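Peer 1: Sequence first, predicted coordinates after that:
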Amino acid sequence: MTPKPSGDLVFFIDRSLGRKQVAQALRGAGATVEVHDDHFPQTTPDVDWLAEVGRRGWVVLSKDERIRRNRIERAALDAARVRAFFLTQQDITGQEMAELFNSALLGMTRRAVSEPAPFIFTVSRSGKFSRVK
């Protein structure tokens, strides 16, 4: 039986991951989840929602490479003290994303609780974590 994640953590599903499959899988595993479209319009710039998600202390889940690689978006992530996990795989189905994040949930929870913010970890298709920032 997999231990449940910390009740204090809220995982924020970026629009790049869709609205349903990842959120449902994580909720089914006991995680508290918020979805981008429930809080922001689709067209909200990443720097804007990153600031708000950081203010709320939520943990970002995404596969949007621009946030990881764009200087301005990285600066916004840093300024907001965001904790983030990014999939490295871009060509992945919703079901595969859900399964991958679900299997990585305990590792993400441990890192979100123990690592100082801001940080970025990538999660590979094999489930390996790598710290980017």
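Peer 2: Everything's here; your move.

Peer 1: Return the helix or strand in this structure with minimum mean pLDDT.
Peer 2: Using mean pLDDT, DSSP states H and E, helix 65-69 stands out as the lowest-scoring helix or strand of the chain, at a mean of 82.

Peer 1: Mind listing what's buried along it?
Peer 2: 67, 68 (16 or more other C-beta atoms under 10 Å). All C-beta spots, glycine's among them, are computed from the backbone N, C-alpha and C.

Peer 1: Only alpha carbons, please: show the helix or strand that it is followed by as CSV.
Peer 2: Past helix 65-69, further along toward the C-terminus, the next helix or strand under DSSP states H and E is helix 71-79. Backbone C-alpha positions of helix 71-79 (Å, rounded to 0.1, in the frame of the first residue of the first chain) are rendered in CSV as follows:
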residue,chain,number,x,y,z
ARG,A,71,14.9,33.2,-18.6
ILE,A,72,11.8,35.4,-17.8
GLU,A,73,9.6,32.5,-16.8
ARG,A,74,12.4,31.0,-14.7
ALA,A,75,12.9,34.3,-12.9
ALA,A,76,9.2,34.4,-12.2
LEU,A,77,9.3,30.9,-10.8
ASP,A,78,12.3,31.9,-8.6
ALA,A,79,10.8,35.1,-7.4
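
Peer 1: Need the residues that contact helix 71-79.
Peer 2: Here helix 71-79 makes contact (C-beta atoms under 8 Å, 6 or more residues apart in numbering) with 46-47, 50-51, 54, 60, 66-68, 84, 118, 120, 133.

Peer 1: can you give me how far the least confident helix or strand of the chain is from the chain middle?
Peer 2: 13 Å (C-alpha atoms, centre = their mean, to the nearest Å).
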